[in-house]
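>>> Have a look at this fold, sequence not included:
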């Protein structure tokens, strides 16, 4: 998955590690067809995981991050921006007049 940006709307090729943001996503191991399912108590001891590598270019990493969901897999999610404090917004709305 490191050949290009993980954002499907962006086709920027992956060229250098120092550009963009690299993600190591730990996902659940998928049972292959014909493999017997492991009972939960055994699965807890084995904790088999799979690590996948993804990359977002600088432009996409400024707006997006990657999240893992068991049902959807790896998906883009918008970065959360800090909310301006209410006190700052209230004083600006009143123009600072008392």
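Arrived safely. Keep in mind that what you see is a predicted model, and the values were worked out from it rather than measured. Residues are numbered from 1 along each chain as shown.

>>> and residue 64, how many residues sit next to it?
Neighbours of residue 64 under the rule other C-beta atoms under 10 Å: 21. For the C-beta atoms, the positions are set from N, CA and C on the backbone; glycine is no exception.

>>> ugh, wrong one, residue 53
Number of residues near residue 53 (other C-beta under 10 Å) recorded here: 12.

>>> Could you list everything it pairs with in the sheet?
Note on residue 53: beta-bridge partners residue 24, judged by DSSP bridges.

>>> roughly how far apart are it and residue 22?
7 Å (C-beta to C-beta, to the nearest Å).

>>> Could you do residue 54 as well?
8 Å.

>>> Check residue 52 too.
From residue 52 over to residue 22 the distance is 11 Å, taken as C-beta to C-beta.

>>> same thing with residue 12?
For residue 12 relative to residue 22 (C-beta to C-beta), the value is 14 Å.

>>> do residue 56 as well
Relative to residue 22, residue 56 is positioned 8 Å away (C-beta to C-beta).

>>> Those two: which has the busier surroundings?
For residue 56 versus residue 22, the count of surrounding residues by other C-beta under 10 Å is larger for residue 56: 23 against 13.

>>> Next up, the contacts around the more buried one.
Counting by C-beta atoms under 8 Å, 6 or more residues apart in numbering, residue 56 touches 5-7, 20-21, 23, 64-66.

>>> Would you reformat the residues you listed as TSV and include pLDDT, secondary structure and distance to residue 81?
Converted to TSV, the contacts of residue 56 look like this (pLDDT from 0 to 100; DSSP: H, G, I helix; E, B strand; the rest coil; distance: C-beta to C-beta, whole Å):
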residue	pLDDT	secondary structure	distance to residue 81
5	96	coil	21
6	94	coil	21
7	95	coil	18
20	94	coil	20
21	95	strand	17
23	94	strand	20
64	95	strand	12
65	95	strand	12
66	93	strand	17
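
>>> The residue nearest to residue 73 when sequence neighbours are not counted in helix, strand or coil?
Sequence neighbours aside, residue 27 is the residue nearest to residue 73 in space, at 7.5 Å (criterion: C-beta to C-beta, 6 or more residues apart in numbering). Secondary structure, DSSP: H, G, I helix; E, B strand; the rest coil: residue 27 is strand.
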